[in-house]
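*Asks:* mind folding the following:
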Amino acid sequence: MTSTFIWYELLTSDPDAAAAFYGDVLGWTARDSGQPGVDYRMFSMREVAVGGLMKLPAGAGQMGVHPCWLGYISVADVDHCVARIVAAGGVEHMPAMEIPGIGRIAMVADPQGASFYVMKPIGTGPATSFAPGSAGHGGWHELHAADWESALAFYSAQFGWQKCGALDMGAMGTYLQFNFGSGAMVGGMMNDPAALRPHWIFVFNVDDIDLASQRLAAGGGQVLMQPHQVPTGQWVMHARDPQGARFALLAPSR
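*Replies:* You can find the predicted model right below:
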């Protein structure tokens, strides 16, 4: 089984405001997932599921957990995967649990502290969240690490991901490009000494980077890095939503 990012999830302090914000910026609709006893909403783009939305638990801020995006990585055996991650120096944040009709999940962190979920979903259909070039879907995954070389070794050992390119960013160091073990590049890793802790940033596709930037500002979001062109010819901007979760946008041209 190829391990890939198959789902994105927003943990936020205000689900209603977040649903409205991402609806304006990315064109998503949010609807209740139907899970009994929990307010878990589904982000969709033209009726195709992209990610989830839920409120941070009470007291999360006092524990150092703030609004953020997290990714789900598909695995063949969640419990075995968690054991291997912990043995490699990672941390188990949430023990493995079954979600009826959905699959088995656990929340972990890599040895440098970047958090993510591992999941064995029910069913065999293709994941719809990551779709490069499709507006409103995930288009790139970026790890801001303390040491990208050891991070690459970890993700390669755990999930089979491989280096498929590297860019020299001068004083900022190397930008490592990786794939899910074969095929096209799907993300990058870089050292980020300014980050409070290593973390993943999820990049969503838009048709027009400038219009998206305007919608973001109108909705109360904050531009952290103005739109800039990357070597592929695409345009990227980094941002923070009104509740504080970081994300990025990607457009094919400007």
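*Asks:* where are the low-confidence patches of the protein?
*Replies:* For the chain, the stretches with pLDDT under 70 are 1, 59-64.
*Asks:* per the record, what domains does it have?
*Replies:* If you go by automatic domain parsing, the domain ranges for the chain are 5-121, 138-251.
*Asks:* let me have the ones you listed in JSON lines, extended by mean neighbour count and distance to residue 130.
*Replies:* To be clear about C-beta, it is placed using only N, CA and C from the backbone, and glycine gets the same treatment. Compiled in JSON lines, the domains of the chain are given as follows (neighbours: other C-beta atoms under 10 Å; distance: least, C-beta to C-beta, whole Å):
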{"stretch": "domain 5-121", "mean neighbour count": "17", "distance to residue 130": "5"}
{"stretch": "domain 138-251", "mean neighbour count": "17", "distance to residue 130": "4"}
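*Asks:* tabulate the ones you listed in CSV, adding columns for distance to residue 132.
*Replies:* Listed next are the domains of the chain as CSV, based on distance: least, C-beta to C-beta, whole Å:
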stretch, distance to residue 132
domain 5-121, 12
domain 138-251, 5
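*Asks:* which stretch among those comes nearest residue 131?
*Replies:* domain 138-251 (7.0 Å; C-beta to C-beta).
*Asks:* mind listing the helices for the protein?
*Replies:* Ranges of helices within the chain are 15-26, 78-87, 148-159, 209-218, based on DSSP state H.
*Asks:* residue 125 is nearest to which of those helices?
*Replies:* helix 78-87 (18.8 Å).
*Asks:* quick one: contacts for residue 131?
*Replies:* The contact partners of residue 131, taken as C-beta atoms under 8 Å, 6 or more residues apart in numbering, are 137, 138, 139, 205.
*Asks:* can you get me a residue count around the first one?
*Replies:* Applying the criterion other C-beta atoms under 10 Å, we find 19 residues in the vicinity of residue 137.
*Asks:* what backbone torsions are found at it?
*Replies:* phi -110, psi 170 (degrees, to the nearest 10).
*Asks:* what sits against it?
*Replies:* 45, 48, 50, 128, 129, 130, 131, 204, 205 are the contacts of residue 137 under C-beta under 8 Å, 6+ apart.
*Asks:* for the third one, same thing?
*Replies:* Counting by C-beta under 8 Å, 6+ apart, residue 139 makes contact with 130, 131, 132, 133, 203, 204, 205, 250.
*Asks:* the third one contacts residue 205, correct?
*Replies:* Spelled out, it's residue 132. Yes. Counting by C-beta atoms under 8 Å, residue 132 does reach residue 205; the two are 7.3 Å apart.
*Asks:* just to revisit the earlier point, got JSON lines for the helices of the chain, with distance to residue 233 too?
*Replies:* Shown next, in JSON lines, are the helices of the chain (distance: least, C-beta to C-beta, whole Å):
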{"stretch": "helix 15-26", "distance to residue 233": "22"}
{"stretch": "helix 78-87", "distance to residue 233": "36"}
{"stretch": "helix 148-159", "distance to residue 233": "24"}
{"stretch": "helix 209-218", "distance to residue 233": "12"}
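*Asks:* ok, which of the ones you listed comes nearest residue 105?
*Replies:* Checking the helices of the chain against residue 105 by C-beta to C-beta gives helix 78-87 as the closest, at 6.7 Å.
*Asks:* next, the angle helix 148-159 makes with the closest one.
*Replies:* 150 degrees (axes from the mean of the first three to the mean of the last three C-alpha atoms, to 10 degrees).
*Asks:* what helices and strands are in contact with helix 78-87?
*Replies:* With contacts defined as 3 or more C-beta pairs under 8 Å, 6 or more residues apart in numbering; DSSP states H and E, helix 78-87 has these neighbours: strand 91-99, strand 103-109, strand 115-121, helix 148-159.
*Asks:* now those in TSV, with distance to residue 213?
*Replies:* Below are the helices and strands packed on helix 78-87 laid out as TSV (distance: least, C-beta to C-beta, whole Å):
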stretch	distance to residue 213
strand 91-99	33
strand 103-109	31
strand 115-121	27
helix 148-159	28
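*Asks:* good, we can wrap up now.
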